[in-house]
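*Asks:* 3D model of this:
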Amino acid sequence: MIKQAVLLALGLLTLSTGCLPEPYPEPNEQKIVYLAFEANTEEEKLFSQDVMHELSRGMSGKHQIVVDELRESITVNLFSEQTTSFALRDLMDSITVSPSEDKALISAINRAALLGQDGVAVTAIIVSSGTVDKNSLLQIESVAQKIQPNTHLYILGVSEQNRLPMSQAFAKVKGNVKLGSSDVEMLTAIGNLKR
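*Replies:* Here you go, the predicted model:
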């Protein structure tokens, strides 16, 4: 019942804003999906697992997928191959509460940018609360300039206090980066991936 209400709200939001879906690659076009999860708290872990669960529905065999977890100051690769629903569901259990620093977030953004350097279409979802640290935001702004037009980055789970500073860090590539805080924004990003 709740999922239906969320999907209805999502449909109404799309109609009311007049937003048209972004163009997506042809079914035969190679596409990389990059996922990076931050789980500093139990709540972030559950949100990351929700994202993984939603992605596991209907994505089997469609794309190359790379999954990282943010731990301490680095990104740790959990998975990198053709996607299957079963593999994504198994990965849900591997997400643990593990403190991470801004360096790991910056590393994940950089990895998303580098994946798109070869001209392959990339959709990246990073689950993170974001940051307000000025030095980290300057580094994010610098790394963001490497993001190519063929790369779309969604940062989901951004806290309200971090949303504006994070948005400003991506100002030069704002058409390629979207920040989200809510379940509706998460479902929108994942719905775009499944097309």
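*Asks:* Once you drop chain neighbours, what's closest to residue 111?
*Replies:* residue 75 (6.3 Å; Cβ to Cβ, 6 or more residues apart in numbering). Where you see a C-beta, it was placed from the backbone N, CA and C, and this is true even at glycine.
*Asks:* need the contact list for the one you found.
*Replies:* With contact set as Cβ atoms under 8 Å, 6 or more residues apart in numbering, residue 75 has these partners: 36, 68, 69, 104, 107, 108, 111.
*Asks:* can you tell me the helix or strand for the fifth one?
*Replies:* Just to be clear, that refers to residue 107. Taking DSSP states H and E as the definition, one finds residue 107 inside helix 102-115.
*Asks:* Adding pLDDT and neighbour count, write the contacts of residue 75 out as a markdown table.
*Replies:* What follows is the contacts of residue 75, written out as a markdown table (pLDDT from 0 to 100; neighbours: other Cβ atoms under 10 Å):
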| residue | pLDDT | neighbour count |
| --- | --- | --- |
| 36 | 93 | 28 |
| 68 | 92 | 22 |
| 69 | 91 | 25 |
| 104 | 96 | 23 |
| 107 | 97 | 19 |
| 108 | 97 | 28 |
| 111 | 96 | 18 |
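*Asks:* what's the closest of these to residue 92?
*Replies:* residue 69 (11.7 Å; Cβ to Cβ).
*Asks:* So the closest one lies in a strand, does it not?
*Replies:* Yes - read with DSSP: H, G, I helix; E, B strand; the rest coil, residue 69 is one of the residues of a strand.
*Asks:* Now find how far off-centre stretch 109-118 is within its chain.
*Replies:* Computed by Cα atoms, centre = their mean, to the nearest Å, the chain-centroid distance of stretch 109-118 equals 13 Å.
*Asks:* What's the local residue count around residue 72?
*Replies:* Neighbour count for residue 72, taken as other Cβ atoms under 10 Å: 11.
*Asks:* Can you tell me who it pairs with across the strands?
*Replies:* The partner list for residue 72 in beta bridges (DSSP bridges) reads residue 100.
*Asks:* Can you tell me the centre-most residue of this structure?
*Replies:* In the chain, the centroid-proximal residue (Cα atoms, centre = their mean) is residue 125; its distance is 1.1 Å.
*Asks:* if I read this right, that residue contacts residue 38, doesn't it?
*Replies:* No - contact criterion Cβ atoms under 8 Å: residue 125 and residue 38 do not qualify, at 11.6 Å.
*Asks:* will you turn the contacts of residue 75 into CSV that also has distance to residue 130?
*Replies:* Shown next, in CSV, are the contacts of residue 75 (distance: Cβ to Cβ, whole Å):
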residue, distance to residue 130
36, 13
68, 17
69, 17
104, 12
107, 15
108, 12
111, 17
